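Student: heads up, no residue letters with this:
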């Protein structure tokens with residue numbers, strides 16, 4: 001008899017099926033695409049992904065990876081943080097821990113917690129847990145409209161910024177340079193917890 005595995009995340013103080021989170025993200029992607037008058041083919045071309053993949057994500061038939069969300073948000077001219085916030089965050093100046101949306105990359109187990117409330121301020125604060133031995137590539141397009149700091153809270157992180165390699169340990173903080181293809185890589189044998197401070201450019 002096959003074993004059925006269900007994945008849950010905390011949202012709004014309750015346990016929620018991961019599929020519900022995927023549905024909200026899918027609806028947000030579709031809304032962003034339609035508000036621009038783009039077809040599925042248009043978005044796929046701008047994000048450099050297949051039309052079939054965009055179709056499956058919008059219909060909730062496929063869970064998007066962190067890399068795919070980076071490509072889609074870049075195509076929209078948004079940061080990944082902004083795209084996720086529009087899908088996840090309710091209005092209000094106080095966002096309690098139990099209400100902070102948590103999303104997991106189905107490919108790597110990369111766990112993303114959106115810490116800052118939805119706001120008109122041009123700043124977002126995100127906390128990431130990157131499992132041991134995993135890496136998450138991000139396209140330059142995902143950083144085209146941002147300035148960012150990465151602050152290591154525990155563990156070790158290797159950040160590949162184009163051809164530059166930054167090795168960071170607990171307490172280290174890095175300002176990201178001009179947009180380039182990059183990789184967040186955990187080469188250690190324990191999880192890495194880090195915060196990303198994102199300044200959205202006008």
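Tutor: Cool, the structure landed. None of the values given here were measured: they were computed from a predicted structure.
Student: ok, the closest residue to residue 181 other than its chain neighbours to residue 126 distance?
Tutor: Nearest non-adjacent residue to residue 181, counting by Cβ to Cβ, 6 or more residues apart in numbering: residue 140, 5.1 Å away. Backbone N, C-alpha and C define where each C-beta goes, glycine included. Distance, residue 140 to residue 126, using Cβ to Cβ, to the nearest Å: 19 Å.
Student: more crowded one of these two?
Tutor: The neighbour comparison of residue 140 against residue 126 (other Cβ atoms under 10 Å) goes to residue 126, with 21 against 14.
Student: Surely residue 117 and residue 99 touch.
Tutor: No: between residue 117 and residue 99 there is no contact under Cβ atoms under 8 Å: 9.3 Å.
Student: So for these two, which residues contact both of them?
Tutor: Listed contacts common to residue 117 and residue 99 are nil; contacts here mean Cβ atoms under 8 Å, 6 or more residues apart in numbering.
Student: Now do the SS call for residue 84.
Tutor: What DSSP: H, G, I helix; E, B strand; the rest coil gives for residue 84 is helix.
Student: worst-scoring helix or strand of the chain, pLDDT-wise?
Tutor: strand 8-11 (a mean of 40; mean pLDDT, DSSP states H and E).
Student: Tell me how many other residues crowd residue 85.
Tutor: Around residue 85 there are 20 residues (other Cβ under 10 Å).
Student: which SSE is the closest residue to it other than its chain neighbours in?
Tutor: Nearest non-adjacent residue to residue 85, counting by Cβ to Cβ, 6+ apart: residue 118, 5.6 Å away. Using DSSP states H and E, residue 118 is not contained in any helix or strand.
Student: Same question for residue 148.
Tutor: strand 146-154.
Student: Could you do residue 81 as well?
Tutor: With DSSP H and E as the test, residue 81 turns up in helix 80-88.
Student: who touches that helix?
Tutor: Taking Cβ under 8 Å, 6+ apart as the rule, helix 80-88 contacts 11, 21, 24-25, 27-29, 32, 66, 69-70, 72-73, 76, 101, 103, 112, 114, 118, 124, 126, 138, 142, 196, 198, 200.
Student: pretty sure residue 54 contacts residue 47?
Tutor: Yes: Residue 54 lies in contact with residue 47 (Cβ under 8 Å); the separation is 7.3 Å.
Student: Mind giving me the packing neighbours of the helix ranked longest in the chain?
Tutor: Of all segments of type helix in the chain, defined using DSSP state H, the longest is helix 18-35. Helices and strands touching helix 18-35, by 3 or more Cβ pairs under 8 Å, 6 or more residues apart in numbering; DSSP states H and E, are strand 8-11, helix 40-47, helix 51-58, helix 66-76, helix 80-88, strand 102-104.
Student: hmm, back to that, now do the helix holding residue 81 against helix 66-76, angle only.
Tutor: 90 degrees (axes from the mean of the first three to the mean of the last three Cα atoms, to 10 degrees).
Student: what's the angle between helix 80-88 and helix 18-35?
Tutor: Going by the same axes, to 10 degrees, helix 80-88 makes 110 degrees with helix 18-35.
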